[in-house]
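# The amino acid sequence is not available; the structure is as follows:
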C-alpha cells in the first residue's frame, strides 16, 4: 500500500538508493555501532553481555546518573521516579447515553515507565499516549485512547508530535464529515427552519463504518506528511508507531501502525462455544489442530493457546496485528518497493540468507533470541527498522515502510470486558493471554496497569541488560449489548484478511445495521 510523503532535501530518492546499491559495500563496523545499542532504531538483537562503548556523547552527561543497586539495576526509588500516568482509575460512559440498553460503562487508567539503557543513562522516554475520555470529536459517548512508541535518536520528538497532531486531525476529519452529512440532511428537509438542533453536534448524523475508517486513514497520512514537513522534527531516521482505539456510536475502531497492540479480553459465552463446536464438527478438526496449522488459509494459528473454549473463559483477542517483516505479506510489499529484508547476522554474512524466521506476530509466542528480520536499503546498513509501518521514518518510507494504517471496527458487546492498548515494552516478553490474565486478576484498571508494568519490567531484567520504555492503557468495560457470535469467531479463529480500511471490517461486519447508524 502506498502513502503520501514529502521528500526532504537531505534524503536520496528511492531510485538513487537502488542505483547506488550496485557499488556500495556494507560497513560492518558502522552496522555494529548503530545496531548493538539500539541507537538508530531502538530495535535490535538481545544485549546479554558487555555493552559496546562506541557511543555518541551523552548530551545530558552533566546530569546525575540514575541510582543503581548492587546488581547494576535501577533502585526501586529510581523505578518509581520514572513512572507517570493517571494515578487512580477514572470512570467513563460510552455509547448511546440516551438508551440504557446501549450505554457502555467503564473505567480506565494509563501508566508509562521510562526505560534504562546503561550506555545512554539519560535517554528520554520515547513512549507517549493520548486519552480523550469524554465527547471525542464532539461526539456524545465517544472517546479516543492511543499510544505512540518512538524509535531512533529523535523518536521521542516523533512520538510527541504524533500525540499532539493525530488526535486533532482525526477529530477534525470526523467533525467535518458529520457536519457535511448534517448539511445534506438540512438541505433535503422540506422545512429547514423546523429541523430540531440542526446546528448542535449531538444531533448530527453518525458516520458509517466506512466513513469513520476513512477519517482514521486520512489522519494517519496527514500526520505523517506534516511530520516530514515540520523542520522542528528530524524524522529522517526516526519515527513512531501508533495505535488508537476510537469508541463511537457503540463501536470501537482500531487504527494501527507498527508493533504496538490492542488486545481485547473477551468472556466466552455458551453461544460462542456452541458455534465453535458446530464448526469443529463440520471441519472434523479440533481447535487444537486449528492452532497447529501453519498453512496459508484463513484460520489463525495463535488463538486461545490451542485450547478449546469453555463458557466463562476470558480469552485474549488480538484487535491488531504486528506489522513486521515476520509477516510474509509485509515482506513482499517492501521487497517490491526495493527493500532488502534480513537479520543483521545475515547482512554481515554470519548466517545464510533465508526467510525462515518463524512467526512471532501473533501474540502467543515470544522471541527470546532476538535475531529479528529488518528492513534495509539495498546495499546499505540503514535504516534497519524492525517494523513495516510507522509515522515518520522518511528514509525507510522510500523503500516501502508505510503510514497506511490497518483498521478494523467491531461493535462493543457484553463479552468485551477488558481492553489493553500498549507498546511493545509490554508485549516483548508477555503474550496477549498473559496480559489479559493479569487484567482479570486486577481490582481495577489502575491496579492492572501497575501489575502489567511490574511484570514486563521484571521480564526485561531477566532477559536483557537494558529495559525498554513500557506504556499501557487499560480499560474495563461493562454493558448488556448482545454478543455477535460470528464476528467474534472470525476475530478469534480467522486471520486478518485483506489489510486496510476495507479489509477485516468487510469480512467481519456483514450485518446491514453496521452501516445504518
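Okay, I see it. Quantities reported herein were computed from a predicted structural model and do not represent experimental measurements.
# What sits closest to residue 325 if chain neighbours are left out?
residue 373 (3.9 Å; C-beta to C-beta, 6 or more residues apart in numbering). C-beta: built from backbone N, CA, C; applies to glycine.
# helices or strands up against the helix or strand where residue 454 lies?
Under the criterion DSSP states H and E, the helix or strand holding residue 454 is helix 445-463. Contacts defined by 3 or more C-beta pairs under 8 Å, 6 or more residues apart in numbering; DSSP states H and E place helix 445-463 against strand 103-113, strand 416-422, helix 424-427, helix 432-440, strand 470-478.
# Save the ones you listed as TSV, and put in mean neighbour count, distance to residue 218 and mean pLDDT too.
Compiled in TSV, the helices and strands packed on helix 445-463 are given as follows (neighbours: other C-beta atoms under 10 Å; distance: least, C-beta to C-beta, whole Å; pLDDT from 0 to 100):
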stretch	mean neighbour count	distance to residue 218	mean pLDDT
strand 103-113	23	26	97
strand 416-422	26	21	98
helix 424-427	26	26	96
helix 432-440	21	29	96
strand 470-478	26	23	98
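# Of all those, which one comes closest to residue 393?
Ranking the helices and strands packed on helix 445-463 by their distance to residue 393 (criterion: C-beta to C-beta) puts helix 424-427 first, at 15.9 Å.
# Please tell me how far the closest one is from the chain's geometric centre.
Mean-position distance between helix 424-427 and its chain equals 10 Å (C-alpha atoms, centre = their mean, to the nearest Å).
# List of residues touching that helix?
When contacts are taken as C-beta atoms under 8 Å, 6 or more residues apart in numbering, the neighbours of helix 424-427 outside the stretch itself are 113, 115, 127, 149, 241, 259-261, 363, 420, 435, 452-453, 456, 460, 467-472.
# 6 Å instead, please
Helix 424-427 is touched from outside by 259, 261, 452, 456, 468-470, 472, with contacts defined as C-beta atoms under 6 Å, 6 or more residues apart in numbering.
# Quickly check these for the two that are furthest apart.
259 and 452 (16.9 Å).
# Where is the longest helix in the chain?
Criterion DSSP state H: the longest helix present in the chain is helix 155-188.
# Show me what whatever helix or strand comes next after it packs onto, helices and strands only.
Following the chain from helix 155-188 toward its C-terminal end, the next helix or strand by DSSP H and E is helix 209-229. Secondary structure elements in contact with helix 209-229, counted by 3 or more C-beta pairs under 6 Å, 6 or more residues apart in numbering; DSSP states H and E, are helix 155-188, strand 391-392, strand 406-411.
# Could I get the ones you listed in TSV, plus columns for mean neighbour count, distance to residue 266 and mean pLDDT?
What follows is the helices and strands packed on helix 209-229, written out as TSV (neighbours: other C-beta under 10 Å; distance: least, C-beta to C-beta, whole Å; pLDDT from 0 to 100):
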stretch	mean neighbour count	distance to residue 266	mean pLDDT
helix 155-188	19	26	92
strand 391-392	32	29	98
strand 406-411	24	10	96
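# And the ones you listed: which comes nearest residue 143?
Of all these, helix 155-188 sits nearest to residue 143, with 11.0 Å by C-beta to C-beta.
# now the angle from the closest one to helix 209-229?
For the pair helix 155-188 and helix 209-229, the angle between their directions (axes from the mean of the first three to the mean of the last three C-alpha atoms, to 10 degrees) equals 140 degrees.
# pLDDT below threshold where in the chain?
1-61, 187-199, 275-307, 359-362, 368-370, 494-517 (pLDDT under 70).
# so how far is residue 148 from the spatially most central residue of it?
The residue at the geometric middle of the chain, judged as the C-alpha nearest the mean C-alpha position with C-alpha atoms, centre = their mean, is residue 260 (3.1 Å). When distances are taken as C-beta to C-beta, to the nearest Å, residue 260 and residue 148 turn out to be 8 Å apart.
# How about residue 446?
From residue 446 across to residue 148, the span is 21 Å (C-beta to C-beta).
# can you tell which of the helices and strands packed on helix 445-463 is closest to residue 341?
So among those, helix 424-427 is nearest, using C-beta to C-beta, at 19.0 Å.
# rewinding a little: for the residue nearest to residue 325, what are its contacts?
Contact analysis of residue 373 by C-beta under 6 Å, 6+ apart lists 325, 341, 343, 357.
# mind redoing it with 8 Å?
Under the criterion of C-beta under 8 Å, 6+ apart, the neighbours of residue 373 are 324-326, 331, 341-343, 355, 357, 386.
# same check, this time on residue 163
Contacts here follow C-beta under 8 Å, 6+ apart; on that basis residue 163 touches 128-130, 146, 148.
# change it to 7 Å
With C-beta atoms under 7 Å, 6 or more residues apart in numbering as the criterion, the residues that contact residue 163 are 128-130, 148.
# Inside strands: which ones of those?
In strands, judged by DSSP state E, the following of those are found: 128-130, 148.
# out of those residues, who's nearest residue 170?
For the ones in strands among the contacts of residue 163, the closest approach to residue 170 (C-beta to C-beta) belongs to residue 130, at 10.0 Å.
# any shared contact partners between residue 260 and residue 148?
Common neighbours of residue 260 and residue 148 (criterion: C-beta under 7 Å, 6+ apart): residue 241.
# Residue 455: neighbour count?
Other residues near residue 455 number 17, with proximity taken as other C-beta atoms under 10 Å.
# That one against residue 435, yeah?
No: counting by C-beta atoms under 7 Å, residue 435 is not a contact partner of residue 455; they are 8.5 Å apart.
# ok so, going back, give the contact list for the residue nearest to the centre of the chain.
Residues touching residue 260, when contacts are defined by C-beta under 7 Å, 6+ apart, comprise 147, 149, 241, 243, 422-424.
# Show me the helices in the stretch 251-400 of the chain, by range?
Chain-ordered helices for the stretch 251-400 of the chain, with DSSP state H, counting those that start in this stretch as the definition, fall at 270-283, 287-292, 328-336, 344-347.
# And the third one, what does it pack against?
Judged by 3 or more C-beta pairs under 7 Å, 6 or more residues apart in numbering; DSSP states H and E, the packing partners of helix 328-336 are strand 339-342.
# Can you add distance to residue 67 and give the helices and strands packed on helix 209-229 back as TSV?
Conversion of these to TSV gives the following (distance: least, C-beta to C-beta, whole Å):
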stretch	distance to residue 67
helix 155-188	22
strand 391-392	33
strand 406-411	41
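# out of those, nearest to residue 247?
Shortest distance between residue 247 and the helices and strands packed on helix 209-229, using C-beta to C-beta, is found for strand 406-411: 10.8 Å.
# and residue 96, what is it in contact with?
Residues in contact with residue 96 (C-beta under 7 Å, 6+ apart) are 102-103, 141, 250.
# again, only using 8 Å
Residue 96 makes contact with 102-103, 141, 249-250, according to C-beta under 8 Å, 6+ apart.
# need the contact list for residue 352.
residue 346.
# Now with 10 Å, please.
By C-beta atoms under 10 Å, 6 or more residues apart in numbering, the residues touching residue 352 are 345-346.
# Burial check on residue 249, number of neighbours?
Using other C-beta under 10 Å, residue 249 has 22 neighbouring residues.
# Not counting sequence-adjacent ones, nearest residue to it?
The shortest distance from residue 249 to any non-neighbouring residue, by C-beta to C-beta, 6+ apart, is to residue 206 (4.5 Å).
# roughly how far apart are that neighbour and residue 128?
The span separating residue 206 from residue 128 equals 29 Å under the rule C-beta to C-beta.
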